[in-house]
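Participant: 3D, please:
(2 chains)
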Amino acid sequence: MRNSVGVLFIILVVIQTFFAAGETILFSFWIFSAKLEGLLFALKLGFVLANIGGCLIWFFAITTEKDFVLALEKKGLSSKASYVVLSTLQMVPVLKKRSETIMNAQRARRVETEGGLLVRAKVFVPTIVPLVLSSIQGTEERALTLEARGFSVETKSTHLYDIEPKPVDKTLNIITGLVFILIVVGRIVLCLI
Amino acid sequence: MPYIDLKNVTYTYPLVKEPCIKDISVSIEKGKFYAIVGANGSGKTTLCNIIRGFIPGFYQGEIEGTVELEGKSLEEYTLGELTSKIGYVFQNPFNQITGARDNVYEEIAYGLENLGVEVPTIRKKVEEVMELTNTAYLADKNPFELSGGQQQRVAFASVLALEPDIFVIDEPTSQLDPKETERVFDIIDKMKKMGKTIILVEHKIELIAEYADDIIALEDGRVVKFGEKHDVLSDLSLIEKGIDLPQTVLLADELRKMGIPAKEKIITKQEMIGQLKQIMGK
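Facilitator: Numbers count the residues shown, from 1 in each chain, chains lettered A, B, ... in the order given. The predicted model follows:
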């Protein structure tokens, strides 16, 4: 994700600088001209993007999926929805490993799996079809497993792993709320002036 | 009064004309170990699903007859009651990992969390079943990263933690190597000693002969023989119905054909060793 934000930032700056309309030309080469207006707009938009991306990166770097989903569940997210989120995240590496096994199996059957873009595109179908079908096959048994573990029981569930908000969390929540209100009010005031 | 009582049960899956289970009447007693045997497609798994209450609840379809647990129809039980009373272990170890938890300890505790059990009790129960199933050393591992045998033991532990009185176990060793099969049967044996009622589907007939009390033999959705294991497993006519018999039964039969006076109903290795010693005068 870190790399994606950087790449997006660079693409945005290049496109806006060279292709956005503007009168102040900074420099030119061949048929392209870099314009100041485009550069300024790209920087403004790019920093907004970097800001949002940075917040998300920071958040997921310091918060585990487990904590994130548990906190959402405590705020009212249904246990079924939280199961979907957690199991999906858990299944990603499992499916990746399984796709590698399928690739190896296909390679053993002389399906070409390495090479250029066209070769890789061709191998997509013989890899993805067994992957999806095997996943679907397992869903019935997994659904029964969940039933056998009381997934549908309508009792308030308990949590072995728990997170309790600390006093500092409460203070931080209040400060964040206040800062948010100040920003919104500030923007409105600035618009009115 | 039988513990579980099936009376004239016939079941047809949705979109299918022919019933999969045909007029089955079986009475199961508390604390006994029953093995269900039969060829592929004879209705073993379907019968397990009926006993667990997944049929008709989960699979829909048409069911006739009655299934009672402790004199009360299964339909009268709530989902929570059935979960606490009947545990179910399936064939495929991988599919029994819920995916809801990222370590074995919490995976085993998941069912108890769903039933709203208090945390100190959960910890106590989880640690007990981990000891019983030899999974304590896997506590911090991701369940998806375990071997098939380890996953199957975690599945047993997860069900054991719910402390059901009845265990329905469907071909638990079909994907396991001999060592892990032995470990799984060791767990089943411990459950039997704890006084649990066990209903096991299994093809490894030698192990059934050793551990089970009674056998339910199925052919094409019907019960062809039901009773004490020595009576059922020594019935040579079952071979024609696609049911394997212990090697000892076949050996004893061959000995008799050769004029050697081998007893009937020899179904385990130990019984055969005793018999051979007797024949040889040792």
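Participant: what sits up against the helix or strand hosting A:Val13?
Facilitator: Element membership of A:Val13 [criterion: DSSP states H and E] is helix A:2-19. Helix A:2-19 has contacts (CB atoms under 8 Å, 6 or more residues apart in numbering or on different chains) with A:26, A:32-35, A:38-39, A:41-43, A:45-46, A:49-50, A:53-54, A:57. For glycine as for every other residue, the C-beta is placed from the backbone atoms N, C-alpha and C.
Participant: change it to 6 Å
Facilitator: For helix A:2-19, the external contacting residues (CB atoms under 6 Å, 6 or more residues apart in numbering or on different chains) are A:32, A:34, A:38-39, A:41-42, A:46, A:50, A:53, A:57.
Participant: same question for stretch B:70-86.
Facilitator: For stretch B:70-86, using CB under 6 Å, 6+ apart, the contacting residues are A:150, A:152-153, B:1, B:52-53, B:67, B:164-166.
Participant: buried stuff in it?
Facilitator: By neighbour count on 16 or more other CB atoms under 10 Å in any protein chain shown, the buried set for stretch B:70-86 is B:74, B:77, B:79-80, B:82-86.
Participant: B:Glu271: neighbour count?
Facilitator: With neighbours defined by other CB atoms under 10 Å in any protein chain shown, the count for B:Glu271 comes to 19.
Participant: how close does it sit to chain A?
Facilitator: Plainly put, B:Glu271 is 36 Å away from chain A if you go by CB to the nearest CB, to the nearest Å.
Participant: what about the helices in the chain?
Facilitator: Using chain A here. For chain A, the helices defined by DSSP state H cover A:2-19, A:36-62, A:65-74, A:79-108, A:117-148, A:167-192.
Participant: could you do chain B instead?
Facilitator: So, for chain B - with DSSP H - the helices run B:44-52, B:54-57, B:79-85, B:104-114, B:119-133, B:148-160, B:178-193, B:205-211, B:229-233, B:247-257, B:269-279.
Participant: tell me the mean pLDDT over the first one?
Facilitator: Over the span of helix B:44-52, the pLDDT mean works out to 94.
Participant: can you redo the buried residues of stretch B:70-86 as CSV with distance to B:Lys17 and pLDDT?
Facilitator: As requested, the buried residues of stretch B:70-86 are exported to CSV (distance: CB to CB, whole Å; pLDDT from 0 to 100):
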residue, distance to B:Lys17, pLDDT
B:Leu74, 25, 91
B:Tyr77, 30, 89
B:Leu79, 31, 80
B:Gly80, 35, 80
B:Leu82, 30, 88
B:Thr83, 33, 85
B:Ser84, 37, 86
B:Lys85, 33, 92
B:Ile86, 30, 93
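Participant: name the nearest of the residues you listed relative to A:Val168.
Facilitator: B:Gly80 (38.9 Å; CB to CB).
Participant: any idea how far the closest one is from B:Gly116?
Facilitator: 9 Å (CB to CB, to the nearest Å).
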